[in-house]
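Asks: pasting the sequence and the predicted coordinates here, then a few questions.
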Amino acid sequence: MERIRRRKARMPHSQNSLSFSPEAKDVSPSVKENIDYIKEQLFHSDDILERDIYFDDRQGKLIFLETLTDKHLIIESIIKPLERAKVGAVEHVITSSGLEVGESLDKAISWIISGKCLLFLEGIPEMYVCETGLVVKRDVREPDNEGIVRGSHDGFIENLVTNLHMIRNRIENPNLVVRYFSLGKKSDTKVALVYMKNLAKEELVEEVARRLNLIPTDFILSPGFIGEYIEDDTYSPFPQLLYTERPDRTIAYLMEGRFAILTEGNPTSIIAPVTLFSFYQSPDDYHSRWMFGSLIRTIRFASFLIAFILPGLYISVVTFHPEVLPIELIYSVKSSIERVPYPSLIEAFFMELTLELIREAGIRLPTRVSQTIGIVGGLVIGDSVVQTGLVSLPMIIVVALTAISAFVVPSHELSSTVRLLRFPLMIAAAMFGFIGMTAGLFLIFTHLGKLETFGNPYFSPMMPFKLKGFKDTFIRFPLWHLNKSTKDSTPDQRNSEKAILGEGRK
Amino acid sequence: MNYSVKDKITPNQFLFFILQTQLGVGILSLAHQIHKDAKGGAWISVLIGGLISQVMIVIFWAFLKKNQASNFLQAMEKLVGKMTAKGLVIGYSCFYALVTVLELSEYVRIMTKWVFPETPVWVNILIVATAAVYLAKESLRVISRMYVFVSFLIFPLVIFTIFGFKNVHFTYPMPFLEEGWLAIFKGANLSFFYFLGYEAMLLTYFAVEGSDKGKLKAASLGNLLVTIVYTFTTYVCLISFAPNELPLVPEPMLYVLKSYSLHVVERIDLIFLSIWMVSVTTSVCSFIYLSSIGVAQLCKAKDHRKFVYWIAAVCCIGTTFTLTPHRGEMLDDFIKIISYGFVFGIPILLFIISLFRGRKR
Amino acid sequence: MNSLTVKKALSVCFCILSLFILPGCWDQDLLKTADLVYITAFDQTPEGRLKMTIGIHDIPAGQGDKPICQTYTAEGDSTRSLRNALDRQTSGNFRTYKTRVLLFSSKEAQEDIYPLLDSIYRDPKAALDARMAVVEGEAGELVNLKELKGTLIGRFFEELLLGGEKTTLIPRTTVQSVCSNMLDPGQDFGLPYITRKDGAISISGIAMFHNNSYTNTHLSVEEATLFLVLKDKLEEKGSLFREVPMEDKKVSLMFDIRDEHRKFDVDVTEDGKVKVDLQIKIKIAITELQTEIGSDYATMKKLEKALSEDLTRMSKQVISKMQKSGFDGFGIGRQLIAHHFSYWKKVEKDWGDLYKTVQIEPQVEVETIHRGIIN
């Protein structure tokens, strides 16, 4: 992919690569000429089909790509009506949902490759473009990677229209706006920007539209492509866009004044601007009672801290500050690490590496084989590694706890961030103990504090500190409480810190 | 360098900016230093020190309020003319840089004693300086947001201190007036330096949104919090150590924590040191930021970023020259003398000038 | 724009690289190479040199994880030099940050003990919450026992002392709290006094210190508890056994002191004498009553009265014992400093002698709160 982009950068003139011929060509009265031209432009691809039509005393031809069109539809809406009527105006006879009359053959090419069916009639220098696209889609079902216990069990699919339907169906509100963009110079992927007109800030929408239009890439493989182009800070380890396959989650964010980007051919919607805490929320929180929901959230944040800090903490304790351990613990820890010849940093790296390997192996393999991996990883490696004296028992506990905690994060992106960030912290701990860890954490939090996504502080409501925002972050207040909490500020005060904190409004 | 809307901070953030700038290396050795003069009355000295700072804050506020402008340099230009104003800003920038050096050298001294006896000093300096510079190069708004966030660490700081109440004698500091009021005021004079940091008002005042009254309230509240924390820790140290023991312990706060253990964790002084390191970093960051802001205003630069790097580099190198005890003391004394000028003399002078100007018009 | 990102990427790479290149780890203190000293004993050799015996606890891996204790002994002149000598004997690094118990032989304790502890106060890593005790006879011998009825010797002493503290048998003293006492002219401290009789090691009261050294006298177990109660240092409970003369017969009873209330006034009279008024009210629970006396209100009142008188008498005994050895355990000097500073300035020099003549008036008042599940 990288290669393609580079090549593109070197050839700025290939921008008009979709217009196949340099000079414009109009439809000729001769059917054969037209058909030959189209076939020529499509390099006589074998999936081009043509059919003879006799209508209004003229010889005609229907041409389409069999791989993109619904043949049934062609028969029902074009061939049958034409044969029944024999004479008349084509526009009135054809019952296809979309019908256009075109005169430029250049356009014909782009129509035909988007699944439309063209009709030429002898002696008429016009063509009729009928909507006959074939829609292949799978069933709507719950995404495996974002399962919840209670709540709606549908998820986005690879079809943009269906996805938009799911959103529209949930928000029956004239303020819901969908804007289409066509991205990728060569692939022309259809992308929809969805937002609530009355909730989302105007600058925000303009900014997203600007960024989307500036994407220079040739084709869009996944939403990650769009994400990497539109996010604010690519050099940050933290995810600044939220990816979800759940319509209910998407609309929840839409109703908070955020926007969503959906892509044709992909079930993932991109949501922004988000805060760090958005990644720790799950629709499940709102389906359980608020006390339990709060408890679960608190546990998730504890898991965040454990996954983040624990390995570093352990390393700094055994290499720098063993006196911190209470006396009962110190002897058992000591006796188990005495057998290990390596520094605890290497031990930790080795164990984390093993764990990531097991995880990576488990993802790609079919379920039945991955069970074997689990056994190999859990029993064989876990037990024998200690017996051989490669890794100490406390380290296994630490790494296992960290691994579990990292997977508690509802978002896959943030989970990877947490897993990644503990390595620098481990190095800092191995070099300077607690002091190194403090400095490392200070740097990370400073980074979080300065990170902004689409003009919104990323680490809100901690930085800037906003007590009201706590109602729906660390704990989940009862819903009637949340309804009173302030939404994002009015656009004209956007830059003032008071407005960001929601203090400006009276 | 002017403050755009994007740089402005709220009075609450201003409060914590003052607080975190004030709360620096001093907290560990405060009780020991003041006890030298004031003996059992050390906590009264600290209280008086806080009071003096409060008076100074009001004076600062009074003359900043009279000379509204978009930044400190402009305010001074209006008041005392272009050349003098520039001289003043240069003076303050140098002063802040010197304070940075003092904080860093004090930090290194304590760290070398308590946790890193073997580690080269430049590594110690680098750890703090990296963290401080990384924050100082950001806008005032980001810095203040961070300060509000790290201010949560004051809670464990105080809670740990409360744990220290296990083994105390309330009669140790008594009689409070053992050496008389003169000694107490001598102690107050010394404690005044531990409160330094509110002079950050001068350069940041015009970056705060809101009314003048709100700003004064914020600065005073910040100072009040620092006074409470300082008085409280001093008092805890006084009742934990016998009067003859305190002169032997240069960092009594750490010593108190070192001597008891919670069941989960022992050696709480290490955790305390880690938290303390954060407040040192924020102070260092503040002073580097203030110094670079001054230079940026002079150069009419749009951004203070590149000055941060230079000033930090100079300060770090400067610190390495101050690490022998003798030089450290010399620097300490020197800064004490010039801070009378910069924190007492000049502001009061400016205040008087602005009073007269106001009358003429 | 492009060059900026390249720069940024380069600087990130540089940071990561420098992390690896920087040697770091100057002040590592690895747990796995540490030899953790659990107990230290100070003795005096006949030639008057210092002898130090240490007990190192360890759980060697692979031998059924049974903890063991190794002991080392060295002679020398200062604590620090002895530590170095011991470090040469041990296999790993000698570490004292988990020392729990310090034992002093009664002979060594008669010298100033501050110099022995000085190296601990100076070390940023040393354990300041170690417990201390004075041992009758040789302290090193006890450490050399290594194990006592299945418990390692260090652990045994730790539990012994902590248990004694909980039952108000010995004062709660740590290395740090002793330091404050030693440096304060206005008070003295007592340490647990441990004796060994027929192989049984037990706490036998409080060894009284004056001017940082052992006075060679100690309070017995019962006196120790009463002393702590008089000092307002009652822990969870304190048990006492008394034989109280009541009317014509002697009542033997055992009781727990549950709660106390103290009034402690130090006054300087007009003729320049120090007068101490010490009143305590204690609430007791009777745990054993060997003599049958009946349970009606009047009898109980009588018993309480008799017990109060008896305890007052006993308190006087304890106090006179303390005064005789010059042990200012109540911190009367401290009170003088705090409340009568000018007077203190006058008597500061010969406070040690003056203390022996101070008039201390104890008064104990007893209230029974319950007497078990039978009458």
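Replies: Cool, the structure landed. Numbers count the residues shown, from 1 in each chain, chains lettered A, B, ... in the order given.

Asks: for residue C:233, see how far away residue C:204 is.
Replies: The spacing between residue C:204 and residue C:233, counted by CB to CB, to the nearest Å, is 19 Å. All C-beta atoms are positioned from the backbone trio N, CA, C, and that covers glycine.

Asks: equivalent analysis for residue A:353, please.
Replies: For residue A:353, the distance to residue C:233 under the criterion CB to CB works out to 56 Å.

Asks: between the two, which one's more packed in?
Replies: Here residue A:353 and residue C:233 are set side by side on neighbour count (other CB atoms under 10 Å in any protein chain shown), and the busier one is residue C:233, at 17 against 10.

Asks: for that one, give me its contacts.
Replies: Contacts here follow CB atoms under 8 Å, 6 or more residues apart in numbering or on different chains; on that basis residue C:233 touches C:168, C:171-172.

Asks: helix, strand, or coil at it?
Replies: coil (DSSP: H, G, I helix; E, B strand; the rest coil).

Asks: can you check residue A:249 too?
Replies: The assignment at residue A:249 comes out as helix when based on three-state DSSP.

Asks: ok, it - how many residues close by?
Replies: Per other CB under 10 Å, the neighbour tally for residue A:249 reads 24.

Asks: same thing with residue C:279?
Replies: Neighbours of residue C:279 using other CB under 10 Å come to 15.

Asks: wait, it sits on residue C:262?
Replies: Yes - counting by CB atoms under 8 Å, residue C:262 is a contact partner of residue C:279 at 7.1 Å.

Asks: give me the element residue C:108 is part of.
Replies: For residue C:108, the host element (DSSP states H and E) is helix C:106-109.

Asks: which SSE is immediately downstream of that helix?
Replies: The C-terminal neighbour of helix C:106-109 among helices and strands, as given by DSSP H and E, is helix C:114-122.

Asks: circling back: what sits up against the helix holding residue C:108?
Replies: C:42-44, C:50, C:116, C:134-137, C:139, C:191, C:207, C:209, C:213-214, C:216.

Asks: show me which residues of chain A sit near chain C.
Replies: Counting by CB under 8 Å from any CB of the partner chain, the residues of chain A close to chain C are A:235, A:317-323, A:327, A:330-340, A:424, A:427, A:430-433.

Asks: which ones among the residues you listed lie within helices?
Replies: If you go by DSSP state H, those have A:317-319, A:327, A:330-337, A:424, A:427, A:430-433 in helices.

Asks: ok, which of the residues you listed also contact chain B?
Replies: Subset of these in contact with chain B: A:432-433, counting by CB under 8 Å from any CB.

Asks: which residues of chain B lie near chain C?
Replies: Of all the residues in chain B, those lying near chain C are B:113-120, B:123, B:167, B:169, B:171-172, B:174-175, B:178, B:240-245, B:248, B:255, B:258-261, B:267, going by CB under 8 Å from any CB.

Asks: so for the top helix by length along chain C, what gets flagged as buried?
Replies: Assignment by DSSP H gives helix C:297-325 as the longest helix of chain C. By 16 or more other CB atoms under 10 Å in any protein chain shown, the buried positions in helix C:297-325 come out as C:300, C:302-304, C:306-308, C:310-312, C:314-315, C:318-319, C:321-323, C:325.

Asks: quick one: residue A:60 from residue A:101, how far?
Replies: Here residue A:60 is placed at a distance of 14 Å from residue A:101 (CB to CB).

Asks: okay, the two: which has more neighbours?
Replies: For residue A:60 against residue A:101, the residue with the higher neighbour count under other CB under 10 Å is residue A:60, and the figures read 20 against 13.

Asks: okay, and the beta partners of the more buried one?
Replies: Applying DSSP bridges to residue A:60 gives these bridge partners: residue A:53, residue A:121.
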